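> my questions are about this predicted structure, shown below with the sequence.
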Amino acid sequence: MDELLLSLISGVSNGAVYGLIGLGLVIIYRSTDVVNFAVGTIALACMYLASSLTGSGVPLALALLAGIGVRPRLWRLPWGEAAGWSAELAGAHGLALCRWSADTRDWRGDRAEAMLAAVAPLAVPGAVVLMHDGLGPGALRPGCGQTVALIGPLAELARSRGLALEPLREPSC
């Protein structure tokens with residue numbers, strides 16, 4: 001299992017590097033109409049930043065995100081389970097723990113109508129609804145279509161109850 005995990009991490013890391021290089025090619029081409037393969041400098045700068053950050057104790061995922069200019073503010077705990085060290089770890093990296101009050105359990109592959117029926121009683125002021133935008137380990141669904149189909153009806157339900165749809169903020173987590 002450890003070998004599989006290491007292979008996955010290595011593959012994701014390599015994929016991130018290729019993704020950054022591809023992104024650099026696209027950005028340069030779209031802004032100059034010239035195919036410029038000199039994106040190695042961009043990749044070098046991003047990897048240097050990520051390497052420097054990991055060397056100073058920043059987790060690899062946060063370091064890679066920083067390398068492309070992304071600074072997460074919120075951390076959704078896996079399965080909503082906080083360990084004794086969760087708050088300390090989040091604080092050490094400038095992250096606020098974020099919880100939810102209504103779980104669509106969309107990873108199971110339920111139809112949008114069934115998910116709406118399950119979370120409707122929980123759609124109250126201050127509610128945070130958990131929906132996944134991708135597939136991951138343990139997902140039983142073949143795709144994200146039913147989650148996407150849930151967005152409109154869920155938003156309509158919220159509006160019909162006078163609820164405002166807004167992004168998460170640290171104090172509301």
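Thanks, I have the structure now. Numbering: from 1, shown residues only.

> what helices and strands are in contact with the helix or strand containing Ile27?
Here Ile27, judged by DSSP states H and E, is contained in helix 2-32. Helix 2-32 sits against helix 40-55, helix 60-67, with contacts defined as 3 or more Cβ pairs under 8 Å, 6 or more residues apart in numbering; DSSP states H and E. For glycine as for every other residue, the C-beta is placed from the backbone atoms N, C-alpha and C.

> tell me which of those sits most buried.
Among these, helix 60-67 has the highest mean neighbour count (mean count of other Cβ atoms under 10 Å), at a mean of 18.

> so which bits of the helix or strand that that helix is followed by are buried?
Counting by DSSP H and E, the element after helix 60-67 in chain order, helix or strand, is strand 74-76. Of all the residues in strand 74-76, those buried under the rule 16 or more other Cβ atoms under 10 Å are Trp75.

> how much space separates Ala63 from Arg73?
16 Å (Cβ to Cβ, to the nearest Å).

> also Thr32?
Counting by Cβ to Cβ, the gap from Thr32 to Arg73 is 33 Å.

> where does the protein have low pLDDT?
1-2, 38-40, 42-43, 170-173 (pLDDT under 70).

> hmm, what's the outermost residue in it?
No residue in the chain sits farther from the centre than Val34, which is 32.6 Å out by Cα atoms, centre = their mean.

> SS state for that residue?
coil (DSSP: H, G, I helix; E, B strand; the rest coil).

> now for the nearest residue to it once chain neighbours are set aside, how many residues are close by?
Among residues not flanking Val34 along the chain, Ile28 sits closest, at 7.1 Å (Cβ to Cβ, 6 or more residues apart in numbering). Residues near Ile28, counting by other Cβ atoms under 10 Å, number 17.
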